[in-house]
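>>> Just the structure for this:
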Amino acid sequence: MTTNYSSARTSTVRRPSGLRGVMLSVATDFRAISTGHMWSTMVVFALPLLFVLFGLIRNSGAAIMLMTFFTMGYWLMSVAGMFSLNGTEKSSALTAIMPVSRCNQVLGKYCSSLVLLVVAVAECMIEYVLSIVMFGLDASVDFSVLAVFIPLYVALALVEVPLMFSIDLTRGIQIIAVLSAGLVWACVLVDRFLPGLVAWVAQSLESLPLTGRMTLSIVALVALAAASFAVSLRQWTRREL
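Numbering: from 1, shown residues only. I've put the predicted structure just below:
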């Protein structure tokens with residue numbers, strides 16, 4: 001009588017499903033960012049607070065813009081850092097260490113990106129307060145720039161995640177950096193040379209009722225999120241482990 005030890009070993013592996021599997025994937029993503037050590041984790045999360053030094057700029061509006069841009073950009077690039085365990089040579093190790101379904105691994109990446117967005121917003125608020133206290137930043141300045149960067153972060157993250165599932169880490173970071181810089185320069189150039197277009201878009205949006213603007217934004221983000229998730233799942237499912 002022959003015992004199938006291979007089947008026995010396989011049967012003992014339990015893949016956590018649902019929320020537990022997604023949470024395990026998120027925990028693995030954050031270990032990839034911080035290397036799992038306490039001091040390195042503290043440095044990773046505290047480093048963006050140095051952007052408060054932009055408060056030394058006399059122009060309060062420019063200081064707020066730079067703090068927000070670099071803090072959001074830092075955490076957007078950290079989304080790519082979560083994929084350091086997903087390289088072809090490490091994929092098998094990833095699956096062995098984290099026996100989570102492919103779907104939950106993909107969902108985990110999106111959940112991790114949202115967590116990083118919350119961290120980015122919290123750090124921006126801390127920087128604003130510190131710049132007011134330490135450098136006398138004008139407290140009456142318009143802080144609504146954060147409302148612009150939040151949907152921009154979400155949109156770029158929804159593009160970044162499937163891109164990182166499709167190509168290697170180094171190349172992905174380079175492409176994301178170029179796309180982010182290109183988007184910023186495109187906004188600056190459009191505002192500089194086509195002010196009429198910017199005014200027309202702003203007036204068109206303002207003419208819509210608040211519910212209409214919210215509905216349009218939600219529909220656009222949901223459509224982008226659905227397409228992003230479908231591409232990510234397809235690419236990660238096709239990856240040989």
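
>>> Tell me which stretches of this structure form helices.
With DSSP state H as the criterion, the chain has helices at 5-11, 18-34, 38-46, 60-81, 91-97, 102-135, 145-166, 169-193, 195-207, 210-238.

>>> Show the contacting residues for the closest residue to Q105 other than its chain neighbours.
Excluding its sequence neighbours, the residue lying closest to Q105 (Cβ to Cβ, 6 or more residues apart in numbering) is S25, at 5.1 Å. Where C-beta positions appear, they are placed from N, C-alpha and C, glycine not excepted. Contact analysis of S25 by Cβ atoms under 8 Å, 6 or more residues apart in numbering lists 98, 100, 104-105, 107-109, 111-112.

>>> and with 7 Å instead?
Contacts for S25 (Cβ atoms under 7 Å, 6 or more residues apart in numbering) come out as 98, 100, 104-105, 108.

>>> rewinding a little: worst mean pLDDT among the helices of the chain?
Per-stretch averages of pLDDT across these put helix 5-11 at the bottom, with a mean of 42.

>>> Please save the CA atoms from stretch 131-144 in CSV.
Presented in CSV, the C-alpha positions along stretch 131-144 are these (Å, rounded to 0.1, in the frame of the first residue of the first chain):
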residue,chain,number,x,y,z
SER,A,131,4.8,74.7,8.9
ILE,A,132,2.3,77.1,10.5
VAL,A,133,3.8,76.6,14.0
MET,A,134,7.5,76.5,13.0
PHE,A,135,7.7,78.8,10.1
GLY,A,136,4.7,81.1,10.5
LEU,A,137,3.0,79.9,7.3
ASP,A,138,-0.1,81.9,6.6
ALA,A,139,-2.9,79.9,8.1
SER,A,140,-5.5,81.7,5.9
VAL,A,141,-3.9,80.2,2.7
ASP,A,142,-6.1,78.0,0.6
PHE,A,143,-5.4,74.3,1.5
SER,A,144,-7.8,73.0,-1.2
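
>>> What residues of that stretch count as buried?
131, 135, 137, 141 (16 or more other Cβ atoms under 10 Å).

>>> Stretch 166-186 now?
Neighbour-count burial for stretch 166-186 flags 166, 169, 172-173, 175-176, 180 (criterion: 16+ other Cβ under 10 Å).

>>> Show me how far that stretch is from its chain's centre.
Distance of stretch 166-186 from the chain centroid (Cα atoms, centre = their mean, to the nearest Å) equals 13 Å.

>>> Residues contacting that stretch, please?
Contacts of stretch 166-186 (Cβ under 7 Å, 6+ apart): 73, 76-77, 80, 83-84, 87, 156, 160, 163-164, 235.

>>> Among the residues you listed, name the buried ones.
Buried among the contacts of stretch 166-186 by 16+ other Cβ under 10 Å: 73, 76, 80, 83, 156, 160, 163-164, 235.

>>> Which one of those residues is nearest to L210?
For the buried ones among the contacts of stretch 166-186, the residue nearest L210 by Cβ to Cβ is L156; the value is 24.9 Å.
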